[in-house]
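*Asks:* just to be clear, the model below is a prediction. Sequence and coordinates:
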Amino acid sequence: MSPLRTLRDRARAARHHIVLPEGTDPRVAEAAGHAVAEGLARITLLAPTGTDAPDGVTLRDPETADTDAMIDAYCEARARRHPTREQAAEAVRDPLTHAALMIRSGAADGTIGGAVATTSDTVRAALQMIGTAPDAPLVSSFFLMVLPDTHPTRPGTPLIFADCGLVIDPDAQQLAAIARQSAASAQALLGTAARVALLSFSTKGSAHHMAVNKVTDALDLLSDAPFDVDGELQFDAAFDPDIGASKAPGSDVAGRANVLIFPDLDAGNIGYKIAQRIGGATAIGPVLQGLDRPANDLSRGCTAEDILDMIAVTSAQIDARKTAP
């Protein structure tokens, strides 16, 4: 069964409460209606009073909804900045901020924005209102990439690509942290053991450069990881079994990787878009990891179908959070 179909089936079983802050966008409204009709989630759409909401979708106007409670929540979230209540009242009218405060306060389980807003605005609202999880050294992102059914060697295979949307130039410690977060995300979304490849332009010493050293230093920091991890590996060595056996004999990851960690945002962002636009892979993301509660971003070029898939991914993150020890 398709991994995206499996995620949607899991979402139907849970029916978590998801907030979509960009309710005036036609793609978002369409996705909200389909999500409720298909039983994927309970949906609240943020939009001005009087907006036509699809059947079964709750409409909430951030200009007027629970103003005092939202102001209190904002003042708590931004206590170090000492906002006035007037400043808070203005801030909570912003749909991204309002949605994130709903998640912070437990009024909903997860939120998804970015169909209209930029990644920086979407992530900023999540970081400021929800914050980083207590055990997370950073917030990073990944794309869930699903190869087309026509792929010659790995048809329909799901892969995690990270970080393709957030951390620009991670150092070795950050790279190791992204690998740990992405391995946990693979387990939560795909229900399979992570096989993590730390990517580079070098495989096992074939080139020498400080950029390669960063990757091998990250591997050293993962020596106690509870998942298979190897590096430095070129993409072909990580992905193709024959090339992996040739370039990295004896590796438990080479040729079998399902989590691909790029050395910087240049490589990650370019890589996922090549896989999507030339390779025909479905790209869902950027999915945020390391937040205290689930909040996710969308590409501004997303379709209603992409939003439905992100609802399913967010639902899986909510499940993982609720079942975490």
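*Replies:* That came through fine.
*Asks:* what's the next secondary structure element after the helix or strand harbouring Met70?
*Replies:* Assigned by DSSP states H and E, Met70 falls within helix 67-77. The helix or strand immediately downstream of helix 67-77 is helix 85-91, counting by DSSP H and E.
*Asks:* helices and strands around that next one, which ones?
*Replies:* helix 67-77 (3 or more C-beta pairs under 8 Å, 6 or more residues apart in numbering; DSSP states H and E). Just so you know, the C-beta spots here come from the backbone N, C-alpha and C atoms, and that holds for glycine as well.
*Asks:* mind checking the SS state of Asp230?
*Replies:* Three-state assignment for Asp230 (DSSP: H, G, I helix; E, B strand; the rest coil): strand.
*Asks:* now do the contacts for it.
*Replies:* 196-198, 219, 248, 251-254 (C-beta atoms under 8 Å, 6 or more residues apart in numbering).
*Asks:* returning to what we had before: using PDB, write down the CA coordinates of the helix holding Met70.
*Replies:* Output of helix 67-77 as PDB, limited to C-alpha atoms (Å, rounded to 0.1, in the frame of the first residue of the first chain):
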ATOM      1  CA  THR A  67      -9.700  37.300  22.700                       C
ATOM      2  CA  ASP A  68      -8.900  37.500  26.400                       C
ATOM      3  CA  ALA A  69      -7.700  33.900  26.500                       C
ATOM      4  CA  MET A  70      -5.600  34.400  23.500                       C
ATOM      5  CA  ILE A  71      -4.100  37.600  24.900                       C
ATOM      6  CA  ASP A  72      -3.200  35.800  28.100                       C
ATOM      7  CA  ALA A  73      -1.600  32.900  26.200                       C
ATOM      8  CA  TYR A  74       0.400  35.400  24.100                       C
ATOM      9  CA  CYS A  75       1.600  37.300  27.100                       C
ATOM     10  CA  GLU A  76       2.700  34.000  28.700                       C
ATOM     11  CA  ALA A  77       4.500  32.800  25.500                       C
END
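*Asks:* give me the contact list for it.
*Replies:* By C-beta under 8 Å, 6+ apart, helix 67-77 touches 62, 83, 85, 88-89, 91-92, 97-98, 101, 104-105, 128-129, 131.
*Asks:* low-confidence ranges in this structure?
*Replies:* 1, 324-325 (pLDDT under 70).
*Asks:* what's the neighbour count on His209?
*Replies:* Per other C-beta atoms under 10 Å, the neighbour tally for His209 reads 11.
*Asks:* any idea how far it is from Asp309?
*Replies:* 37 Å (C-beta to C-beta, to the nearest Å).
*Asks:* now Gly205
*Replies:* From Gly205 over to Asp309 (counting by C-beta to C-beta), the distance is 39 Å.
*Asks:* out of those two, which sits in the more crowded spot?
*Replies:* Neighbour totals were compared for Gly205 and Asp309, and Asp309 leads with 25 against 9 (other C-beta under 10 Å).
*Asks:* so who does the more buried one touch?
*Replies:* Asp309 touches 4, 7-8, 144, 282, 284, counting by C-beta under 8 Å, 6+ apart.
*Asks:* the same query, at a cut-off of 6 Å, please.
*Replies:* The contact partners of Asp309, by C-beta atoms under 6 Å, 6 or more residues apart in numbering, come to 4, 284.
*Asks:* that one belongs to a helix?
*Replies:* Yes: per three-state DSSP, Asp309 lies within a helix segment.
*Asks:* any figure for the gap between it and Leu298?
*Replies:* Counting by C-beta to C-beta, the gap from Asp309 to Leu298 is 10 Å.
*Asks:* same question for Val287.
*Replies:* 10 Å.
*Asks:* and for Phe201?
*Replies:* The gap separating Phe201 from Leu298 is 31 Å, by C-beta to C-beta.
*Asks:* higher neighbour count, those two?
*Replies:* Leu298 (27 against 15).
*Asks:* which stretches in the stretch 201-325 of the chain count as helices?
*Replies:* Counting by DSSP state H, counting those that start in this stretch, the stretch 201-325 of the chain has these helices, from start to end: 210-221, 235-239, 241-247, 265-277, 304-323.
*Asks:* thank you kindly, that will do.
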